[in-house]
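Asks: pasting the structure only:
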């Protein structure tokens, strides 16, 4: 108990800022709406095995390609599987891809950006040139080329998309690191003998956290779009995986007569990404230091 | 600082970046699992034939040397040979480029033609119903899976309403116009064939709208926010205080001041359109570079995929360079 | 007495914001005679800029709204004028100069373009004539090489030059009234003197009236015929300039004058008026100055003092003079 008290005392300022942020969030309708959407999708993803009305892999050829009904809210696919259940399981995949990509790209990108901005000089030049090279490709094109080279499959798609997203984080964090570098507490830390890398991790990075969180939210939405695009093309998740993009790719064949197959998965992609975008934008406004005064 | 010296500086900066691009493509193409020589030769070829092919392709040489030969080949316009049809990839891309160009230009026109007025109106009628609608539209735009939008458009306009055709650049019953620019809308007009022009127009509407949707939303948003920022400036009050009509204030003073971020974003969007074209062309059966590369992906035609990636990157870089120059030129004019 | 050129009667303005309703102007009345320079003095936040903008109805609604009163210009109530009529008046009969020359001109158009825009709008002349008129005006504000300046962009001119361009632009259509909102506050002291001299000369030559808004008492003494003092959204005193400086009546005015340090005195500290300017969301009741006044009476917090006449042309809004009268 004593250590908890000590923790609270030391981080008193941080806790207060956090509570203030949460209060602002509650007052902001976009933040609430976005968070609600994200929460619903996350709940669906986490609880799919228990919430889904049917078994997503249960084949029932007698019911194949039937339209939405009370038994199958979103209809069935060409093997008679319930589309709603598949969509729910697809949420697991999409969110997992999103979290993995953001973790990898966010982690690596933040590290590269922090190091680049803090140390400056030729290291900065080199890292930023590398980022420029990656940013010279239209994102989907590069992700596609990488995924094609690595081979179809979900993990390869995650690598490909993460690679493409790294420069976004690197650039952002570099900008912030450049600003933080000038601040007096950095010189103070250096003078008291702190190692450079320690400073990067303990001072530079924490100061960029709010921008990184905002970017991560927006990138998560973007990732879902890119990943489902890859699956749609035939890279990334492969059928019979219930990934939303892969489902649309199959549903496309039946578009004219069985509209429900391609429509509902896409609706979920749209809604989920809207949720992340709205929440990310609202978060950006909430965390903006000028508005917080 | 003269504009020319800026241009030279930018071009010099470009060289290492472009080299990096070729290096990245080279590395990716060598990460491909499987034996490229065998893939070229085919599954049934003998081991000896595959070895011969490997030697002639230079695949047995050390990697740095392979990169050098690759680079040298690029200078000569050699992007490799497509596995699918044994044609040089460059020729394939040249064939499919005009269709993609036409689609991109049509999309840009839509982007600016709808995005600009919508953004201006949203800024002027801020927080009124129109603004709210356009903001919803903006959010949907940046969150939209392009391939799904295309399918929904097909469902609505092709299947249900039957207003517009579903694929291709022209009805299958019509012969393509005489090739002058490769852009059907232009070539049919040059031919004087009004009916064919309208037909081509009807075919491009849906894909152009689908492709432009995301960037239309972005352009609207940027026009709105920069107009709002400009409208709060002092010189706007000065103009009003001098008796200048509100419409002139908005369309003459505010708009020109909002131009820089708008042009920048619009220009950058043009580069991004190429990425979206991949999906749009696939959905609408539009015979452009995007569809070409997707077909290549399905066929695992790696020279084609890599060749396309390289060309796409080159185009993207060039467009960004032009946008930078326009930006610098506009900035010079107002001395920021 | 001839009819005043501009007569503001009982003007009230409120701003509707998140923090509440800001009562920026309450029952403000003043008038400007033809050919005179009226100084409007007050601290930052007293509402003088809001008042200036109200004359030409430049206050944005939302969040600001004119909730009462009349603004009579040559007998016509501008608050009731149509948009078209308002556009005719702006820049033509009544002109306005603003505080910030650096941002008051459109950066993407040349000086000539902006000046000619105003001239051609109100005088309906062709481009060449407009250019000549503009160059002529630039000469009058002592701008070297006027035709070259017409071709320049605002950022190519210094702050003082830009303000002179503004003066030239606003006087080009010969307005009867010029509203100057702290035109020299943002300029260097030496440039200030120049610009003030030009302003004085040109308005006097044309017989134009000036509503000169400032917080600088020195400028008021130099330039103005009469002066009006504002505090927290209300007029507190108005008098000819010499009278105001010689025998200020309102405690606030006295405090203002005493706060200006002079070379002759031998003082240890600067004399400041105790307390702070009140927020205008919930201003003090009665006389808004009463919490800080050294001569406060019970009536001061209960009743708003009217403008009592101390001399034929000297009015004070203070119960000290009401009770005595």
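Replies: That came through fine. The shown structure was predicted, so the numbers you read here are calculated from the model rather than taken from an experiment. Numbers count the residues shown, from 1 in each chain, chains lettered A, B, ... in the order given.
Asks: report the buried residues of stretch C:295-302.
Replies: Buried positions in stretch C:295-302, judged by neighbour count with 16 or more other Cβ atoms under 10 Å in any protein chain shown: C:296, C:300. The way it works is simple: take the backbone N, C-alpha and C, and place the C-beta from them, glycine included.
Asks: got a list of contacts for that stretch?
Replies: Around stretch C:295-302, the neighbours that count as contacts under Cβ atoms under 8 Å, 6 or more residues apart in numbering or on different chains are C:251, C:284-287, C:290, C:293, C:319-320, C:323.
Asks: in chain C, what residue comes closest to chain A?
Replies: residue C:18 (11.5 Å; Cβ to the nearest Cβ).
Asks: and the host helix or strand of residue A:187, what other elements does it pack with?
Replies: If you go by DSSP states H and E, residue A:187 is part of helix A:184-191. Applying 3 or more Cβ pairs under 8 Å, 6 or more residues apart in numbering or on different chains; DSSP states H and E, one finds that helix A:184-191 contacts helix A:196-199.
Asks: which helices and strands sit right next to the helix it packs on?
Replies: Short answer (3+ Cβ pairs under 8 Å, 6+ apart): helix A:196-199 packs on helix A:83-119, helix A:184-191.
Asks: can you check what angle separates the longest one from helix A:184-191?
Replies: It refers to helix A:83-119. Between the axes of helix A:83-119 and helix A:184-191, defined by axes from the mean of the first three to the mean of the last three Cα atoms, to 10 degrees, the angle is 70 degrees.
Asks: how far off centre is the helix holding residue A:187?
Replies: Mean C-alpha position of helix A:184-191 versus that of the full chain (Cα atoms, centre = their mean, to the nearest Å) differs by 34 Å.
Asks: tell me the mean pLDDT for that helix?
Replies: Mean pLDDT, helix A:184-191: 82.
Asks: check which residues of it are buried.
Replies: Buried residues in helix A:184-191, counted by 16+ other Cβ under 10 Å: A:186, A:189.
Asks: ok so residue C:210 is a helix residue?
Replies: No. Counting by DSSP: H, G, I helix; E, B strand; the rest coil, residue C:210 is not part of a helix but strand.
Asks: quick check: the gap between it and residue C:199.
Replies: 7 Å (Cβ to Cβ, to the nearest Å).
Asks: residues in contact with the closest residue to residue A:142 other than its chain neighbours?
Replies: For residue A:142, ignoring the flanking residues on the chain, the nearest one in space by Cβ to Cβ, 6 or more residues apart in numbering or on different chains is residue A:164 at 5.3 Å. With contact taken as Cβ under 8 Å, 6+ apart, residue A:164 is in contact with A:105, A:134, A:137, A:139, A:142-143, A:146, A:226.
Asks: list only those of the contacts of stretch C:295-302 flagged as buried.
Replies: Buried among these by 16+ other Cβ under 10 Å: C:251, C:286-287, C:290, C:293, C:319-320.
Asks: out of the residues you listed, who's near chain A?
Replies: Residues of the buried ones among the contacts of stretch C:295-302 in contact with chain A (Cβ under 8 Å from any Cβ of the partner chain): none.
Asks: for the stretch 51-200 of chain C, what lies in contact range of chain A?
Replies: So the stretch 51-200 of chain C never meets chain A (Cβ under 8 Å from any Cβ).
Asks: now the helices for the stretch 51-200 of chain C?
Replies: Using DSSP state H, counting those that start in this stretch, the helices of the stretch 51-200 of chain C run over residues C:83-89, C:111-123, C:127-140, C:146-150, C:159-171, C:189-206.
Asks: now chain B
Replies: Remark: helices assigned in chain B by DSSP state H are B:3-31, B:36-41, B:47-56, B:63-75, B:89-124, B:129-143, B:146-153, B:184-191, B:194-231, B:234-241, B:246-248, B:255-284, B:289-299, B:302-334.
Asks: now do the buried residues in the longest one.
Replies: It stands for helix B:194-231. B:196-197, B:199-200, B:203-224, B:226-228, B:230-231.
Asks: the fourth one now?
Replies: Within helix B:63-75, the residues scored as buried using 16+ other Cβ under 10 Å are B:66, B:70, B:74.
Asks: could you dump those into CSV with distance to chain C and pLDDT added?
Replies: Output for these, formatted as CSV (distance: Cβ to the nearest Cβ, whole Å; pLDDT from 0 to 100):
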residue, distance to chain C, pLDDT
B:66, 53, 79
B:70, 47, 82
B:74, 42, 82
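Asks: same list, those, but as TSV with distance to residue B:167 please.
Replies: As requested, the buried residues of helix B:63-75 are exported to TSV (distance: Cβ to Cβ, whole Å):
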residue	distance to residue B:167
B:66	40
B:70	36
B:74	34
